[in-house]
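Enquirer: got a predicted model here, sequence first, then my questions.
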Amino acid sequence: MDQNALDLALLLLRLTLGVTLALHGVAKYRGGIAGVGRWFEGEGLKPGLVHAHLAALSEIGFGLALAIGLLVPFSAMGFAGVMAVAGWVGHRKNGFFIIKDGWEYVFVLAAAASCLSLTGPGSWSVDNAFGTELSGIGWFMFTVFGAIASAVGLLGVCYRPSGD
């Protein structure tokens, strides 16, 4: 396989996923974080404003870290954990398909980000520049189980839906 083609593919995937998530976090602030907080509160994440800030900052931070290829299993874990919470709180009751506001989109984003823990970020990344090698099945399992554990922990402590 052409290593440059693989590195370009990994770079484009990281940029697409990471910048998308980071911009989603920025949009929470640009659209009015207080409104996002009220929506979160209404969905059962309490206190809503705290969770709005945590979600926005997590999306920005994990998105940018993934985009530049920094500690990829950890940034992918944070990315997937945020998506797992979003899928559970905001989309699960609508079924799978995004056309009905289901959890399809957040699942695909989380799965794609997690898979970067299998391959690593490629040569064109911060991890490679520092000689950091964190990839393979073990790191993938770390990413997936860490994302699930963090989402379950947050939901167990802070998710109190009123009519669910």
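Expert: Done, it's in. Numbers count the residues shown, from 1 in each chain.
Enquirer: isn't residue 21 right up against residue 63?
Expert: Yes - using C-beta atoms under 8 Å, residue 21 makes contact with residue 63 at a distance of 3.3 Å. C-beta: built from backbone N, CA, C; applies to glycine.
Enquirer: list residues touching both of these two?
Expert: Residues touching both residue 21 and residue 63 by C-beta atoms under 8 Å, 6 or more residues apart in numbering: residue 79.
Enquirer: tell me the contacts of residue 7?
Expert: With contacts defined as C-beta under 8 Å, 6+ apart, residue 7 is in contact with 122-124.
Enquirer: does residue 96 count as helix, strand or coil?
Expert: Three-state assignment for residue 96 (DSSP: H, G, I helix; E, B strand; the rest coil): coil.
Enquirer: tell me which of the contacts of residue 7 is nearest to residue 73?
Expert: Residue 73 has its nearest neighbour among the contacts of residue 7 in residue 122, at 14.1 Å by C-beta to C-beta.
Enquirer: the closest residue to that closest one other than its chain neighbours - how many residues pack around it?
Expert: Leaving aside its chain neighbours, residue 122 sits nearest to residue 10 (3.3 Å; criterion: C-beta to C-beta, 6 or more residues apart in numbering). Residue 10 has 20 neighbours, counted by other C-beta atoms under 10 Å.
Enquirer: would you confirm that residue 10 contacts residue 117?
Expert: No - at 11.9 Å, residue 10 does not count as touching residue 117 under the criterion of C-beta under 8 Å.
Enquirer: give me phi/psi at residue 122?
Expert: Dihedral angles of residue 122 (phi, psi; degrees, to the nearest 10) stand at phi 90, psi 170.
Enquirer: test my guess that it contacts residue 11.
Expert: Yes - the pair residue 122 / residue 11 is scored as a contact, 6.0 Å apart, by C-beta under 8 Å.
Enquirer: what about the helices in the chain?
Expert: For the chain, the helices defined by DSSP state H cover 3-30, 33-43, 48-68, 72-86, 104-119, 126-129, 137-158.
Enquirer: nearest to residue 95, of the ones you listed?
Expert: Of all the helices of the chain, helix 104-119 sits nearest to residue 95, with 8.7 Å by C-beta to C-beta.
Enquirer: which secondary structure elements does that closest one contact?
Expert: Secondary-structure packing of helix 104-119 (3 or more C-beta pairs under 8 Å, 6 or more residues apart in numbering; DSSP states H and E): helix 3-30, helix 72-86, helix 137-158.
Enquirer: including mean pLDDT and distance to residue 92, could the ones you listed go into a markdown table?
Expert: Formatted as a markdown table, these follow (pLDDT from 0 to 100; distance: least, C-beta to C-beta, whole Å):
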| stretch | mean pLDDT | distance to residue 92 |
| --- | --- | --- |
| helix 3-30 | 98 | 18 |
| helix 72-86 | 98 | 10 |
| helix 137-158 | 98 | 11 |
